[in-house]
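Participant: Structure here, sequence nowhere to be found:
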Ligand code: ASP
């Protein structure tokens, strides 16, 4: 056999793999390559490879505004009735707030048991100037866009959601004269979903590049001293995902949790490597609809909203990080401090943008509220990317879990599609 024919065989084999298998292989291969580059002192190669990942993330980001706008308008026009919209909205918010409070509690409990901050050498961490966190009141007022075009241009997701909801509502209320607009949005929706699939088919390469960069630049040296805080957060995220989300999907929605987790592998991997839940949104949207059979009328509402305000991973991280800093500085916290941490972490997670590192900025708000030294942010900054990978994955998993639960309660999930293991494959796309 010639080298050429072997190569053809390998390529054909690769192309025939399901997308999630391609992404998993890319993740493992990238991590291994990164560690090798790091230990051989070739970090610059890892940084160069990162550019492929940056290109992939830019391509997904390109989709965010048109995708949110078009799918939300379609979602609104297909829900049709106002009472139902209100009901879905209320259930979504309740789910998001309830699970967030749970997540922080798990984080606080683990940080209390594992004591990650004991014996940390404060001098070893890299320096970072904390930026002031925006106030919660202004976050709410800012949801109304003075200029919807500017909102779209700035990528302000909450403002785009707000405008899309009202616009969809107006199309419904306008009735017959607006019918052509409704059909146009349906057509636009089909095109934008296809474009999303095309971009997602490049996920394995983006994931490979990003994980190579993370493993290549961090290596093992930085990870070991702060290993306990990393462990605490990863363990917390795992517990929350399996017990809270898996439990809710199994017990309340009466759907197979394993099938749920299997159906969201692609968005989880993209979230893990890109550390942006907003950036992952197009992938989450596709997976939830195609793999899990959720109807667009639910997914188009719960997912963009979730990517913006539902951040259980971020909330848990605030709790773990605050306790870690208190322990590292030897500060004793009162019961009142714990309650303050739960409240401020919930608010901070709602106000956190779904972009890389945003949770770190909001951490300063939590620390200020309980009077912990802001320099603590600097210690966390050194390993924030690693923590961000876990929390963003949990954030995205929570959005998907909520979507499945609400879809089930509204009878908007095709259980036959849900039952079929993985349908997203590259052949779908190319
Ligand atoms: N990167 C997270 C996200 O996009 C936000 C955070 O920094 O906690 O979900």
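Facilitator: Happy to help now that I have it. Remember, it's a predicted structure, so these values are computed and weren't measured experimentally.
Participant: Wait, residue 392 touches residue 312, no?
Facilitator: No. Counting by Cβ atoms under 8 Å, residue 312 is not a contact partner of residue 392; they are 10.7 Å apart. For glycine as for every other residue, the C-beta is placed from the backbone atoms N, C-alpha and C.
Participant: Around the ligand, which positions in this protein sit nearby?
Facilitator: Contact residues (Cβ under 6 Å from any ligand atom) of the chain with the ligand: 275-277, 311, 314, 352, 354-359, 388, 391-392, 395.
Participant: State which one residue of this structure is found closest to the ligand.
Facilitator: residue 359 (2.5 Å; Cβ to the nearest ligand atom).
Participant: Count the residues that sit near that residue.
Facilitator: By the criterion of other Cβ atoms under 10 Å, residue 359 has 31 neighbours.
Participant: looking at this, it is in a helix?
Facilitator: Yes. Counting by DSSP: H, G, I helix; E, B strand; the rest coil, residue 359 is found in a helix.
Participant: Now residue 66: closest residue in space, sequence neighbours ignored.
Facilitator: Counting by Cβ to Cβ, 6 or more residues apart in numbering, residue 66 lies nearest to residue 192, which is 5.6 Å off, once chain neighbours are set aside.
Participant: and the one you found, what element?
Facilitator: Secondary structure from DSSP states H and E places residue 192 in helix 179-200.
Participant: and that helix, what does it pack onto?
Facilitator: Counting contacts by 3 or more Cβ pairs under 8 Å, 6 or more residues apart in numbering; DSSP states H and E, helix 179-200 packs against helix 43-79, helix 157-174, helix 277-290, helix 426-429.
Participant: Contacts made by the helix or strand that it is followed by with the rest, please.
Facilitator: Downstream of helix 179-200, the next assigned helix or strand under DSSP H and E is helix 203-218. Contacts to helix 203-218, defined as Cβ atoms under 8 Å, 6 or more residues apart in numbering, come from residues 19, 22-23, 25-27, 29-35, 37-38, 42-43, 45-47, 49-57, 266, 269-270, 272-274, 283, 383, 385-386, 389.
Participant: Just the buried ones from those residues, in PyMOL syntax?
Facilitator: Selecting just the buried residues from the contacts of helix 203-218 in PyMOL takes one command, with 16 or more other Cβ atoms under 10 Å as the test:
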select buried, resi 19+22+23+26+27+30+31+33+34+35+37+38+43+45+46+49+50+52+53+56+57+266+269+270+272+273+274+283+383+385+386+389
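Participant: Dihedrals phi and psi, residue 294?
Facilitator: With angles defined as degrees, to the nearest 10, residue 294 sits at phi -80, psi 140.
Participant: could you measure it against residue 255, distance?
Facilitator: 11 Å (Cβ to Cβ, to the nearest Å).
Participant: One more: residue 102?
Facilitator: Applying Cβ to Cβ, the value for residue 102 to residue 255 is 20 Å.
Participant: same check, this time on residue 173
Facilitator: Going from residue 173 to residue 255 by Cβ to Cβ gives 35 Å.
Participant: Flag the shaky bits of this protein, pLDDT-wise.
Facilitator: Per-residue confidence for the chain (pLDDT under 70) gives these ranges: 1-8, 80, 120-136, 139, 220-225, 423-430.
Participant: circling back: mark which of the residues of the chain next to the ligand are buried, thanks.
Facilitator: 275-277, 311, 314, 352, 354-356, 358-359, 388, 391-392, 395.
Participant: so where do the helices sit in the stretch 201-350 of the chain?
Facilitator: Secondary structure of the stretch 201-350 of the chain (DSSP state H, counting those that start in this stretch): helices at 203-218, 227-239, 246-247, 257-263, 265-274, 277-290, 296-309, 312-328, 335-351.
Participant: winner for burial among those?
Facilitator: For these, average neighbour numbers computed from mean count of other Cβ atoms under 10 Å are highest in helix 312-328, which has a mean of 30.
Participant: Can you list the helices and strands that it packs against?
Facilitator: Using 3+ Cβ pairs under 8 Å, 6+ apart, helix 312-328 is in contact with helix 82-114, helix 227-239, helix 335-351, helix 358-370, helix 376-381, helix 384-409.
Participant: Tell me which of these lies nearest to residue 183.
Facilitator: helix 82-114 (20.6 Å; Cβ to Cβ).
Participant: buried sites along the one helix or strand residue 153 maps to?
Facilitator: Assigned by DSSP H and E, residue 153 belongs to helix 148-154. By neighbour count with 16+ other Cβ under 10 Å, helix 148-154 contains the buried residues 148, 151, 152.
Participant: who's in contact with it?
Facilitator: Identification of contacts with helix 148-154 by Cβ under 8 Å, 6+ apart yields 65, 69, 145, 159, 160, 163.
Participant: From the chain's centroid, how far away is that helix?
Facilitator: What separates the centre of helix 148-154 from the centre of its chain is 22 Å, taken as Cα atoms, centre = their mean, to the nearest Å.
Participant: Show me whatever sits in contact with both of residue 294 and residue 255.
Facilitator: When contacts are counted by Cβ under 8 Å, 6+ apart, residue 294 and residue 255 are jointly contacted by 404, 413.
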